[in-house]
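Asker: okay, predicted coordinates and the sequence, questions at the end:
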Amino acid sequence: MYRRRRSLFDLIREIEEEIDRDIERFLTELRYDEWAGQCLQPLHDLRETEDEFVLSIDMPGVKKEEIDLKVSENSVSVYAPIRYGVRVSRGYERTAQCYRLVLELPGPVDTNSVTGVYRNGILEVKMRKRGVGTRIPIE
């Protein structure tokens with residue numbers, strides 16, 4: 001069986017294709033990093049009690065009216081615009097445009113019972129667990 005010998009031009013074409021794939025991958029990652037880099041993920045704490053989940057989110061410098069809170073049965077999404085610089089490390093400051101948090105909940109919640117209170121830069125969201133019944137005392 002005769003096997004065709006690869007030419008120098010074939011090798012160059014393969015290298016060009018590989019470089020094109022690497023550049024495309026790099027540009028895709030760069031666009032994602034640029035988009036994600038403009039929002040900060042706020043510090044948060046999710047606590048579980050017997051009847052509900054309580055989510056506390058640190059969001060200083062936000063106007064209460066501009067907070068976009070969405071709760072589904074299994075997740076919470078919070079977005080709020082901000083307009084200030086954030087010091088990330090010594091001598092390096094960057095401007096963030098928003099807070100963004102998407103969080104999966106450990107269990108389903110009743111979306112009709114969700115309450116949110118924003119006070120002193122902290123958003124507290126209380127979500128009643130779905131299917132939690134009322135305790136009935138036995139006589």
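Answerer: Looks like it came in fine. Numbering: from 1, shown residues only.

Asker: only C-alpha atoms for contact and neighbour calcs from this point on.
Answerer: Noted.

Asker: residues touching the residue lying closest to residue 77 once chain neighbours are set aside, list them.
Answerer: Nearest residue to residue 77 in three dimensions, chain neighbours excluded: residue 102, at 4.5 Å (CA to CA, 6 or more residues apart in numbering). For residue 102, the contacting residues are 75, 76, 77, 78, by CA atoms under 8 Å, 6 or more residues apart in numbering.

Asker: how is the chain divided into domains?
Answerer: For the chain, automatic domain parsing gives the domain ranges 7-37, 39-128.

Asker: just those: most buried one?
Answerer: domain 39-128 (a mean of 15; mean count of other CA atoms under 10 Å).

Asker: low pLDDT regions in this structure?
Answerer: Along the chain, the parts satisfying pLDDT under 70 run over 1-4, 28-37, 83-95, 132-139.

Asker: ranges for the strands of it?
Answerer: Assigned strands in the chain, in chain order: 39-40, 44-48, 52-58, 68-71, 75-89, 92-104, 115-119, 122-128 (criterion: DSSP state E).

Asker: residue 25 is nearest to which of those?
Answerer: strand 39-40 (22.2 Å; CA to CA).

Asker: so residue 116 bridges to which residues?
Answerer: Beta-bridge partners recorded for residue 116 (DSSP bridges): residue 125.

Asker: thinking again about what came up before, distance to residue 52 added to the contacts of residue 102, as a markdown table?
Answerer: Shown next, in a markdown table, are the contacts of residue 102 (distance: CA to CA, whole Å):
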| residue | distance to residue 52 |
| --- | --- |
| 75 | 14 |
| 76 | 14 |
| 77 | 17 |
| 78 | 19 |
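
Asker: chain neighbours aside, what residue packs nearest to residue 79?
Answerer: Leaving aside its sequence neighbours, residue 79 sits nearest to residue 100 (CA to CA, 6+ apart; 4.6 Å).

Asker: perfect, I'm done here.
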